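Peer 1: coords below, sequence missing:
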């Protein structure tokens, strides 16, 4: 197969790294290892995240977009009413310098900046998009929706991480996307991971909530309020909240305010298999999502999931079989889902085994390699 040239553009700007970066970055590394010319554009962070440095070490030509625009870029942004002028100007230079066989735009939310799509379409650059999280509140205004309807069909593929988020995007822009496909994120545990079911001397149930400490999306406050109900004070349980984020202090204060300090701890970042060697169930009280990698990993490790029915959660969690779904991201709904789990906690280990079986029927062992092969085919066809 002839070698191709790929340019990956990550539009994520809120953090130096996140789950949305896993698919494109691992795919880029695979393509570089196979001898393709691979470049990437990321936002500048000081210092650069270790995963970005690892990409450079793997042979990916990484360029960074300055946090502040140059005077020329600010002028161009104002002239074109462009909210993402820095990205579009940077990518425009990359297109001239690299002349890629395929441009891959990865967005932490469901839709990339419209200016990038229009740039690719106007220059007839083959491109694909990757959309991650979505929520009902992210509706574009009519002018932007029209522009998306015109630009998205020009993509070779529009990839989404869940069917639910694809359907929501189609509703938000008012059109079907015949070029849309669903992809899986790479795994952070071995495909056949099987940590033993955690033993306890006193029958204590240990919950884990894993994800960025960001209540507006991850909903940790919903879970804490549900567990603050007096009925849970008489039960034998503990919760560890894993992850980091700029709202950690507020969540710690909320734990104290709700009187949960003796039951709830914060575990920071930890290896996934270590988490599931010590905990019995994952709780995902998210307000919005894509399809959380931590949920797939928990199921691979044989743990049931208690989650809100948002985004792609119901696409992998079968209510009452591999976990429990809360009807909505609210305290009462989460409380009911937790209660259903508690009444059937004696079956939790068996539910985890079923979860492991069912998720392995859905997820490929190496999603990044599958995606890399897909991009290779698109790039070859684009020639």
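Peer 2: Received it, and whenever you're ready, just let me know what you need. What you see is a predicted model; the values in this text were computed from it and never measured. Numbers count the residues shown, from 1 in each chain.
Peer 1: ok, the closest residue in space to residue 215 that isn't next to it in sequence to residue 154 distance?
Peer 2: The spatial neighbour of residue 215 that comes closest, neighbours along the chain excluded (CB to CB, 6 or more residues apart in numbering), is residue 221 at 4.6 Å. For glycine as for every other residue, the C-beta is placed from the backbone atoms N, C-alpha and C. According to CB to CB, to the nearest Å, residue 221 and residue 154 sit 41 Å apart.
Peer 1: next SSE after the helix or strand of the chain with the lowest mean pLDDT?
Peer 2: Least confident helix or strand, the chain: helix 71-79 with a mean of 44, by mean pLDDT, DSSP states H and E. Downstream of helix 71-79, the first helix or strand assigned by DSSP states H and E is helix 85-98.
Peer 1: how far off centre is that following helix?
Peer 2: Distance, stretch centre to chain centre, for helix 85-98: 25 Å (CA atoms, centre = their mean, to the nearest Å).
Peer 1: same for it, what does it pack against?
Peer 2: In terms of contacts (3 or more CB pairs under 8 Å, 6 or more residues apart in numbering; DSSP states H and E), helix 85-98 is packed against strand 5-10, strand 37-43, strand 61-65, helix 71-79, helix 114-123.
Peer 1: what angle do the longest one and helix 85-98 make?
Peer 2: Looking back up the chat, that one is helix 114-123. 30 degrees (axes from the mean of the first three to the mean of the last three CA atoms, to 10 degrees).
Peer 1: give me the angle between helix 114-123 and strand 5-10.
Peer 2: 160 degrees.
Peer 1: same question for the third one.
Peer 2: Between strand 61-65 and strand 5-10, the angle formed by their directions is 40 degrees, by the same axes, to 10 degrees.
Peer 1: mind pulling up the pLDDT for the nearest residue to residue 258 once chain neighbours are set aside?
Peer 2: Once flanking residues are discounted, residue 258 sits nearest to residue 228: 4.1 Å by CB to CB, 6+ apart. Looking at residue 228, its pLDDT stands at 98.
Peer 1: doesn't residue 260 make contact with residue 228?
Peer 2: Yes. Using CB atoms under 8 Å, residue 228 makes contact with residue 260 at a distance of 6.1 Å.
Peer 1: re earlier: residues touching the residue nearest to residue 258, list them.
Peer 2: Neighbour list for residue 228: 258-260 [criterion: CB atoms under 8 Å, 6 or more residues apart in numbering].
Peer 1: right, I'll leave it there.
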